[in-house]
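[1] sequence and predicted structure are below.
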Amino acid sequence: MGHLDHATFGWLTPVLSYVMACIGAALGLRCTVRALGASGRSRRNWLITAASAIGTGIWTMHFVAMLGFGVSGTDIRYDVPLTIVSLLVAMIVVWAGVFAVGYSRDRTRALFLGGLTTGLGVASMHYLGMAAVRLHGKVSYDPALVALSVLIAVVAATAALWAGLNIKSPIAVTVASLIMGAAVTSMHYTAMFAVRVHVTPSGQVLPGATAMQFIFPLAVGLGSYLFLTSAFVALSPTTGEREASASAQRPVESAAAH
């Protein structure tokens, strides 16, 4: 059995993956807060941005962490189409959960169903990403750790949706995002500790792309999206600020009319 190394670059990839998860969570929570204070097209747009941020953060966390994954005795490649599918799964399931909570009248039921659906989707994203791994050997999993990773994913997703509904202040959002980032990262590494690889030495060239050829550029691109979107949200006025601005303008317009 090949020796698995989950941090071939030391603490760099675990720390960076946690940071990406936290940024995605914080941005998603802030956008959800904006969405709940809006209506119509504005609410829909904020929810889309929230779901995109959370989904991007989760996927980027996973594959930044995978940059540090190595197995002795074999090279590792990634199936490009399947890796893209895992990204789409992450986006779609988070969109479903966020929209269910954002538009449902029965928030408790929506929270339960949304958390379950999103958590299972996040776990599916992870294992689809693992299915995209190509190496000389056979990959198997510890069923107990797989079940634990799925449970963590469901709890983390439910907590994220609950936080989006109930947490408003910037400080509370920051604390919640740190906790959510830890939960999502824990899910990833729990799932990775479930992996067992039986290496079969071979001189054949593996199909697919290396992590640096494909995963790294895509992770950098998605990470840039998170940072740019964070700047947009930070500079965008809140509902309260817009209402205050509108209230301040009314007396001026009234005085000008007289």
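    Nice, thanks for sending it over. Keep in mind the model is a prediction, meaning the values are calculated, not measured.
[2] give the buried residues for stretch 216-230.
    Leu218, Ala219, Leu222, Gly223, Leu226, Thr229, Ser230 (16 or more other CB atoms under 10 Å). Quick note: C-beta positions are derived from backbone N, CA and C, even for glycine.
[3] can you list the helices and strands that the strand or helix carrying Ile84 packs against?
    Using DSSP states H and E, Ile84 falls within helix 80-103. The contact analysis (3 or more CB pairs under 8 Å, 6 or more residues apart in numbering; DSSP states H and E) places helix 80-103 against helix 12-36, helix 40-66, helix 107-131, helix 143-166.
[4] kindly export that helix (C-alpha atoms) in CSV.
    Below are the C-alpha coordinates for helix 80-103, written out as CSV (Å, rounded to 0.1, in the frame of the first residue of the first chain):
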residue,chain,number,x,y,z
VAL,A,80,-10.2,17.3,-16.5
PRO,A,81,-13.9,16.9,-17.4
LEU,A,82,-14.8,15.1,-14.2
THR,A,83,-13.0,17.7,-12.2
ILE,A,84,-15.1,20.4,-13.9
VAL,A,85,-18.2,18.4,-13.2
SER,A,86,-17.3,18.4,-9.5
LEU,A,87,-17.2,22.2,-9.6
LEU,A,88,-20.6,22.4,-11.3
VAL,A,89,-22.0,20.0,-8.6
ALA,A,90,-20.7,22.3,-5.9
MET,A,91,-22.3,25.3,-7.5
ILE,A,92,-25.7,23.7,-8.2
VAL,A,93,-26.2,22.2,-4.8
VAL,A,94,-25.2,25.3,-2.9
TRP,A,95,-27.5,27.4,-5.2
ALA,A,96,-30.4,25.0,-4.4
GLY,A,97,-29.8,25.2,-0.7
VAL,A,98,-29.4,29.0,-0.6
PHE,A,99,-32.5,29.6,-2.8
ALA,A,100,-34.6,27.2,-0.7
VAL,A,101,-33.8,29.1,2.4
GLY,A,102,-33.9,32.6,0.8
TYR,A,103,-37.4,32.1,-0.7
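[5] avg pLDDT for that helix?
    Helix 80-103 shows a mean pLDDT of 85.
[6] by how many degrees do it and helix 107-131 diverge?
    170 degrees (axes from the mean of the first three to the mean of the last three CA atoms, to 10 degrees).
[7] run the chain-centre distance for helix 80-103.
    9 Å (CA atoms, centre = their mean, to the nearest Å).
[8] returning to that earlier point: can you put the buried residues of stretch 216-230 in a markdown table and add pLDDT?
    Shown next, in a markdown table, are the buried residues of stretch 216-230 (pLDDT from 0 to 100):
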| residue | pLDDT |
| --- | --- |
| Leu218 | 79 |
| Ala219 | 77 |
| Leu222 | 80 |
| Gly223 | 78 |
| Leu226 | 81 |
| Thr229 | 79 |
| Ser230 | 75 |
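[9] of these, which belong to helices?
    Leu218, Ala219, Leu222, Gly223, Leu226, Thr229, Ser230 (DSSP state H).
[10] do I have it right that the fifth one meets Ala21?
    No - in this structure Leu226 lies outside contact range of Ala21 using CB atoms under 8 Å: 10.4 Å.
[11] please enumerate the shared neighbours of the two.
    Gly57, Thr60 (CB atoms under 8 Å, 6 or more residues apart in numbering).
[12] ok, the closest residue to Thr118 other than its chain neighbours to Tyr189 distance?
    Distance criterion CB to CB, 6 or more residues apart in numbering; nearest residue to Thr118, sequence neighbours excluded, is Gly97 at 3.4 Å. From Gly97 across to Tyr189, the span is 23 Å (CB to CB, to the nearest Å).
[13] more crowded one of these two?
    Ranked by neighbour count (other CB atoms under 10 Å), Gly97 and Tyr189 place Gly97 first, with 29 against 16.
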